[in-house]
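J.: Curious how this folds, go ahead:
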Amino acid sequence: MRADGGDVVLDASVKGIPYGTRTRLADIGARGWNVRAGDLSLPVMTLDLGAVQSNIAAMAAYCARHGVRLAPHGKTTMSPQLFRRQLAAGAWAISAATPGQACFMRAAGIPRILLANELVDPNAIRWLAAEYRRDPDFELIFLVDHPAAVALADEVLTAARPGRKVPVLVELGLDGPAGRTGVRTASAAVRLAEQVAATATLALAGVETYEGVVAAEASPAELQAVDALLAEAAGVARTLHDRGLAQRDELLLSAGGSIFFDRVIAAFAPLRAEIPELRIVLRSGGYISHDAGRHRELSPLDGRRADGEELLLREALTLWGSVLSAPEPGRAIVGIGKRDAPYDAGMPVPRRLYRAGTGPGGAAASLAGAEVMKLMDQHALVDVDPGQPIAPGDIMSFGVCHPCAAFDRWRFLPLVDADGTVVDGVLTGF
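T.: Numbers count the residues shown, from 1 in each chain. As a prediction, this is how the structure comes out:
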């Protein structure tokens, strides 16, 4: 099978593929399908190829400007085709959230994986050891936050014999009800680092934290809490350096989701003057598609963009559905639902209406002010302007919120150009 998945055969059992059709992924772009014309089975989620390319380039340029590494979180898309685009643009690694995701990425040929989570499954640790023996150039870095987890990894790796030390990052977490994984204090982080350094199987690579658990928005109080966590992580990295605990030529300091990566750089970058070998690693993932909700409002490359910042992220995801019914003025029932669209961080956002039978060049009506009032399994109840002409068979497009919960509903996403013509496609591995 081709490494890019081009030989995968898709048929109408895959959402979006026209009924009665069988086609290789590699042949998708030659079909001439247009989503606005209704050529695809609906509902379907598409990716704007131009926006994807622009977003990858924008984030790469941002990281290059600030001298930081990017390990984009692959859990957002779980798409090897998109991973390869990110790596080609200079990504240092691909991040994973689970051992299963890491295994999937490795099968796709990803050479370096940052498992941004604890690794406590003995079978997964043995798999990691086998991969280390098989490929001397492969690297997987994982997190530790408890003495028992360090002891478990050391015991399993001692028996499994990876042939070299496995790098780990000490995770600093947040105390209280918002806390997730991670040691709760700086002193506990240092003690854990000392334990790692004393093993024969693990190499202390640095410090990790995740500021996204601190803040849901960007109020002054929340930004202050984000900055406090990042400052504590920087302080732990300084202590590890001063005590000579790091066991590699570089000291990694990693944080940065898709919302506060500017704060991460502001907090961590000054430490480079004290620690020349410090390497800052961002793990933003949602930037590749952006969204119509929280990411659009709060990203440093969109809603929180600084004056003079030229880089801008663009929405790439669009959900398309047929108008099933127009039972009363001002109300449309559209064939999209919870199985098609994320709704945990906001309802889909109606964008445009394409009249049935007009084709890709036909007029499209703006749906400014329209709102999804309720989302059911397969239906969206959409309020529109009562004067808006709308009829069954029309096609409605939507922006979506929360990229990570959008991709995982789709095995296949067509890549479309600015006119809605399908030029390629990507597969996901959820």
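J.: moving C-terminal of the helix or strand encompassing L240, what's the next helix or strand?
T.: Per DSSP states H and E: L240 is located in helix 220-242. Moving toward the C-terminus from helix 220-242, the next helix or strand (DSSP H and E) is strand 251-255.
J.: and the following helix or strand past that next one, what other elements does it pack with?
T.: Helices and strands here follow DSSP H and E; after strand 251-255, the next one along the chain is helix 261-268. In this structure, helix 261-268 packs against helix 220-242, strand 251-255, strand 278-282, with contacts taken as 3 or more Cβ pairs under 8 Å, 6 or more residues apart in numbering; DSSP states H and E. Where you see a C-beta, it was placed from the backbone N, CA and C, and this is true even at glycine.
J.: Tell me how far the host helix or strand of L324 lies from the chain's centre.
T.: Here L324, judged by DSSP H and E, is contained in strand 317-328. Distance of strand 317-328 from its chain centroid, counting by Cα atoms, centre = their mean, to the nearest Å, is 27 Å.
J.: What residues sit buried inside that strand?
T.: Buried positions in strand 317-328, judged by neighbour count with 16 or more other Cβ atoms under 10 Å: 317-324, 326.
J.: Stretch 47-59 now?
T.: 47-49, 51-56, 58-59.
J.: cool, stretch 414-430 as well?
T.: Buried residues in stretch 414-430, counted by 16+ other Cβ under 10 Å: 414-416, 420-422, 424-429.
J.: Throw those into a markdown table and include distance to R305 and pLDDT, thanks.
T.: Listed next are the buried residues of stretch 414-430 as a markdown table, based on distance: Cβ to Cβ, whole Å; pLDDT from 0 to 100:
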| residue | distance to R305 | pLDDT |
| --- | --- | --- |
| P414 | 29 | 98 |
| L415 | 26 | 98 |
| V416 | 26 | 98 |
| G420 | 28 | 95 |
| T421 | 30 | 96 |
| V422 | 31 | 97 |
| D424 | 29 | 97 |
| G425 | 31 | 97 |
| V426 | 27 | 97 |
| L427 | 32 | 97 |
| T428 | 29 | 97 |
| G429 | 32 | 95 |
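J.: In strands only, show me those residues.
T.: 414-416, 422, 424-427 (DSSP state E).
J.: Can you tell me which of those is nearest G293?
T.: Using Cβ to Cβ, V416 is the member of those that sits closest to G293, with 21.1 Å.
J.: Relative to the whole chain's centre, how far out is stretch 142-150?
T.: 24 Å.
J.: who touches that stretch?
T.: 115-120, 153, 166, 168-171, 173, 181-183, 192, 195-196, 199, 202, 208 (Cβ atoms under 8 Å, 6 or more residues apart in numbering).
J.: same thing with stretch 388-396?
T.: So stretch 388-396 is in contact with 35-36, 38, 42, 320-326, 330, 332, 334, 350-357, 365, 367, 370, 382, 384, going by Cβ under 8 Å, 6+ apart.
J.: Buried ones in that stretch, by neighbour count?
T.: By 16+ other Cβ under 10 Å, the buried positions in stretch 388-396 come out as 388, 390, 394-396.
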